[in-house]
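# just to be clear, the model below is a prediction. Sequence and coordinates:
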Amino acid sequence: MPELVLWDIDHTLMATRGLGGELWGEAFEQVTGVALREQASVTGSTERVILRETTRLHDVPYSDDLFVRFADALGAVHVRRAAEMRARGQALPGAAAVLAALEARGVRQSVVTGNVRQAAEVKLAAFGLDAYLRLDEGAYGEDGEGRPDLLRAALRRADVSPHAAVFLGDTPADVAGGREAGVRVVAVATGRTSASDLHAAGAHVVLDGLSDSSRALAAIGT
């Protein structure tokens, strides 16, 4: 049984049905004064990288200070529109059941996500998933550039070695990051990447989703 299970959020545990992009654009315009025309690719990336690449598309200078202000603005707009998040989005089928089953087995759980922390907390609370997760042991968009950095940060915070952890995500970047950090990767084909592509990326196990709780728990190793 793993000591720690780490979860990606978007398209692994939940779907926000386009609202996330709207909130991102609102925060971008607030801190840059420029209306969002085009957003850099978000799949498997972190908010820091997405912001840097998106500012380049708009000829806006990027700086660490800009990222800090953007993170604050993005978190605030998520708080303000949390009710809309609940109404438009959803936890993916089986997500709550698997989280609850792991908790019942005494397995520690947290998140590794490119979202900034406040936005991640709002999303998880909106769908009632936060109660199962030790959020102080997770890692967020403020903590690094890519998945390997974030996974290593979470492992340090939880004081768990890589071989004792499992990471669940839905993108090739999640798979590559998990393998680089030395953790076992269970990929879930609930995002934009097919099961065959997740297998090809090197996931140890690939699930079609979390709705079959028994299969998901077996893949995780419990």
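Ah, there it is.
# look at Val77 and give its secondary structure.
At Val77 the chain is in helix, as set by DSSP: H, G, I helix; E, B strand; the rest coil.
# let me fix that, I meant to ask about Val5.
Taking three-state DSSP as the rule, one finds Val5 in the strand state.
# from Lys123, how far out is it?
18 Å (CB to CB, to the nearest Å). Every residue, glycine included, has its C-beta placed from N, CA and C.
# now the end-to-end length of stretch 164-184.
8 Å (CA to CA, to the nearest Å).
# ditto for stretch 94-111
Across stretch 94-111, the terminal residues are separated by 17 Å (CA to CA).
# what of stretch 179-186?
11 Å.
# can you list contacts of it?
Stretch 179-186 has contacts (CB atoms under 8 Å, 6 or more residues apart in numbering) with 2, 6, 147-148, 151-152, 155, 162-163, 165-169, 174-175, 178, 202-207, 216, 219-221.
# restricted to strands, list these.
6, 165-169, 205-207 (DSSP state E).
# who's in contact with the nearest residue to Ala203 once chain neighbours are set aside?
Among residues not flanking Ala203 along the chain, Ala187 sits closest, at 3.6 Å (CB to CB, 6 or more residues apart in numbering). Taking CB under 8 Å, 6+ apart as the contact definition, Ala187 lies against 168-170, 174-175, 193, 195, 198-199, 201, 203, 205-207.
# ok, now Ala96?
127-129, 132.
# ok so, going back, on the three-state scheme, the residue nearest to Ala203 is what?
Going by three-state DSSP: Ala187 is strand.
# equivalent analysis for the one 3 residues further on, please.
Classification of Thr190 by three-state DSSP places it in coil.
# ok, now the one 3 residues further on?
In terms of secondary structure, Thr193 is coil; the call rests on three-state DSSP.
# ok, and the closest non-adjacent residue to it?
Using CB to CB, 6+ apart, the closest residue to Thr193 is Thr171 (5.6 Å).
# distance of that neighbour from Arg105?
27 Å.
# higher neighbour count, the two?
Higher neighbour count among Thr171 and Arg105: Thr171, with 26 against 11, using other CB atoms under 10 Å.
# pretty sure that one is touching Thr190, no?
No - counting by CB atoms under 8 Å, Thr171 sits too far from Thr190 to count as a contact (10.6 Å).
# now do the domain split for this structure, please.
Domain assignment of the chain by automatic domain parsing yields the ranges 4-16+89-220, 19-85.
# so which of the ones you listed is the most surrounded?
domain 4-16+89-220 (a mean of 20; mean count of other CB atoms under 10 Å).
# start to end distance for it?
End-to-end for domain 4-16+89-220, by CA to CA: 10 Å.
# stretch 44-55: how far from the chain's middle?
Relative to the chain's own centre, stretch 44-55 is displaced by 14 Å; criterion: CA atoms, centre = their mean, to the nearest Å.
# check stretch 124-142 too.
Stretch 124-142 sits 10 Å away from the centroid of its parent chain (CA atoms, centre = their mean).
# could you dump it to CSV, C-alpha only?
Taking Å, rounded to 0.1, in the frame of the first residue of the first chain, the C-alpha atoms of stretch 124-142 are listed here in CSV:
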residue,chain,number,x,y,z
LEU,A,124,-11.7,21.1,-4.6
ALA,A,125,-14.0,22.7,-2.1
ALA,A,126,-16.6,23.4,-4.8
PHE,A,127,-17.1,19.7,-5.4
GLY,A,128,-16.6,18.5,-1.8
LEU,A,129,-13.2,16.8,-2.5
ASP,A,130,-11.0,18.9,-0.2
ALA,A,131,-12.0,17.0,3.0
TYR,A,132,-10.0,13.9,1.8
LEU,A,133,-6.8,15.8,1.0
ARG,A,134,-3.9,17.1,3.1
LEU,A,135,-3.4,20.2,1.1
ASP,A,136,-0.4,21.4,3.1
GLU,A,137,1.5,18.4,1.8
GLY,A,138,0.7,19.1,-1.9
ALA,A,139,2.4,21.3,-4.5
TYR,A,140,1.0,24.0,-6.7
GLY,A,141,1.8,26.4,-9.5
GLU,A,142,3.8,28.6,-7.2
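# cheers, nothing more for now.
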